[in-house]
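A.B. asks: Sequence first, then the predicted structure:
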Amino acid sequence: MVFKTPLLDKPAPGWKHDLPGPNESPSNEPYPPVLSNPPNHADHVYLELARATVRTRGVGVWIAPFIFMMSMAFPISLIMFVVTEQSAPPLVLIFFGPIGFITGIWLGVYAWRMDVAPPRDEPIRFNRFRRKVYVYRFHHDGLRPFSRTAWGVRAEACSVYGPMGSGGLIETVTLAVVKPGTHQVIDRFHFAHEIQQGEMYWAMAQLFMQQGPQALPTFPRPPRDWNNEDVTFNLARRLAPKVRWPAELDLESRSAP
């Protein structure tokens, strides 16, 4: 732990501690057996790490059809009541029937899209020569599950100060984008799901940016090809879109000035 109180304004929700800045010594040593994935790529220009904002996939695609079928029970019950009783349904059924149907459709669409819409990977690239970070990240809006514009992928370039661990029921590590020369947070985004892994991945980024690819540890297995997921038994991953960086940003993130 480097700082006793939050360094950035504002700290992440559930803040626990700040990790070292980009030019400081790593607080942890990367240990490959503990890390879930090796780097996607590493050379003398850039390091690409795998990243995912959705931790578990493959459940929503099976839950969604069940929710859809359950939601149909409300209009069917209204119709059955009218047919069998030959009278108007009670006000309680008239009131809660449409609400239950709409809620079920909303939940079903949300569960489906949260499982299928995120890309197969949301990589992050650290460019040593440009001193920039390039983020491929998925965004969504739970209040608008049917929207096309509210769900999708953004590829962005930014200068990152450092990560912070946030606590609560789910521990994560987030990266903060700060206003140059200040500790004022402009934006932040997810980096890792577990603080221990997040610290190690951040240490890898620090070592790469400070010393180059020769400072990275050796991993026992080769990088994973995230776009080649057609052979997996996970239906959500098979239906998920492939990672496709915008051409200009792809070239910039992989090259020196």
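C.D. replies: Thanks, I have the structure now.
A.B. asks: make it CA atoms for all contacts and neighbour counts henceforth
C.D. replies: Will do.
A.B. asks: Report the next helix or strand after the lowest-mean-pLDDT helix or strand in the chain in sequence order.
C.D. replies: Least confident helix or strand of the chain, by mean pLDDT, DSSP states H and E, is strand 160-166 with a mean of 64. Using DSSP states H and E, the helix or strand that follows strand 160-166 towards the C-terminus is strand 172-178.
A.B. asks: so where do the strands sit in the protein?
C.D. replies: Here the chain has its strands, by DSSP state E, at 15-18, 41-42, 46-49, 124-127, 132-139, 152-158, 160-166, 172-178, 185-192.
A.B. asks: Which secondary structure elements does the third one sit against?
C.D. replies: This means strand 46-49. When contacts are defined as 3 or more C-alpha pairs under 8 Å, 6 or more residues apart in numbering; DSSP states H and E, strand 46-49 sits against strand 41-42, strand 124-127.
A.B. asks: CA atoms only for it - export them in CSV, please.
C.D. replies: Included here for strand 46-49 are C-alpha records, laid out as CSV according to Å, rounded to 0.1, in the frame of the first residue of the first chain:
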residue,chain,number,x,y,z
TYR,A,46,3.4,-1.9,-27.2
LEU,A,47,2.0,-4.4,-24.7
GLU,A,48,-1.6,-5.7,-25.1
LEU,A,49,-3.4,-7.3,-22.1
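A.B. asks: Outline the domain layout of the chain.
C.D. replies: 15-54+120-219+232-253, 60-116 (automatic domain parsing).
A.B. asks: just for the protein, where's the confidence low?
C.D. replies: Residues of the chain that meet the criterion pLDDT under 70 lie in 1-4, 161-170, 230-231.
A.B. asks: ok, 90 please
C.D. replies: 1-29, 33-34, 36, 52-58, 70-102, 139-199, 220-221, 224, 228-239 (pLDDT under 90).
A.B. asks: Farthest from the middle of it: give me that residue.
C.D. replies: For the chain, the residue at maximal distance from the C-alpha centroid (C-alpha atoms, centre = their mean) is Q86, at 52.2 Å.
A.B. asks: Name all residues that make contact with that residue.
C.D. replies: For Q86, no residue meets the contact criterion (C-alpha atoms under 8 Å, 6 or more residues apart in numbering).
A.B. asks: in the helix ranked longest in the chain, what counts as buried?
C.D. replies: Looking across the chain with DSSP state H, the single longest helix is helix 91-116. Under the neighbour-count criterion of 16 or more other C-alpha atoms under 10 Å, helix 91-116 has 93, 97-98, 100-101, 104-116 buried.
A.B. asks: Over to stretch 127-141?
C.D. replies: For stretch 127-141, the neighbour count (16+ other C-alpha under 10 Å) marks N127, R128, R130, K132, V133, Y134, V135, Y136, R137, F138, H140 as buried.
A.B. asks: show me the contacts for the closest residue to R57 other than its chain neighbours.
C.D. replies: Leaving out its chain neighbours, the residue that sits closest to R57 by C-alpha to C-alpha, 6 or more residues apart in numbering is D115, at 5.6 Å. By C-alpha under 8 Å, 6+ apart, D115 lies in contact with R57, G58, V59, G60, V61, A236, A240.
A.B. asks: So which of these is surrounded by the most neighbours?
C.D. replies: The most crowded member of the contacts of D115, judged by other C-alpha atoms under 10 Å, is A236 (24 neighbours).
A.B. asks: can you redo the buried residues of stretch 127-141 as a markdown table with distance to L7?
C.D. replies: Putting the buried residues of stretch 127-141 into a markdown table (distance: C-alpha to C-alpha, whole Å) gives the following:
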| residue | distance to L7 |
| --- | --- |
| N127 | 25 |
| R128 | 25 |
| R130 | 25 |
| K132 | 21 |
| V133 | 20 |
| Y134 | 23 |
| V135 | 23 |
| Y136 | 26 |
| R137 | 25 |
| F138 | 27 |
| H140 | 29 |
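A.B. asks: now for those residues, which pair is the farthest apart?
C.D. replies: Using C-alpha to C-alpha, these span at most 30.4 Å, a distance reached by R128 and H140.
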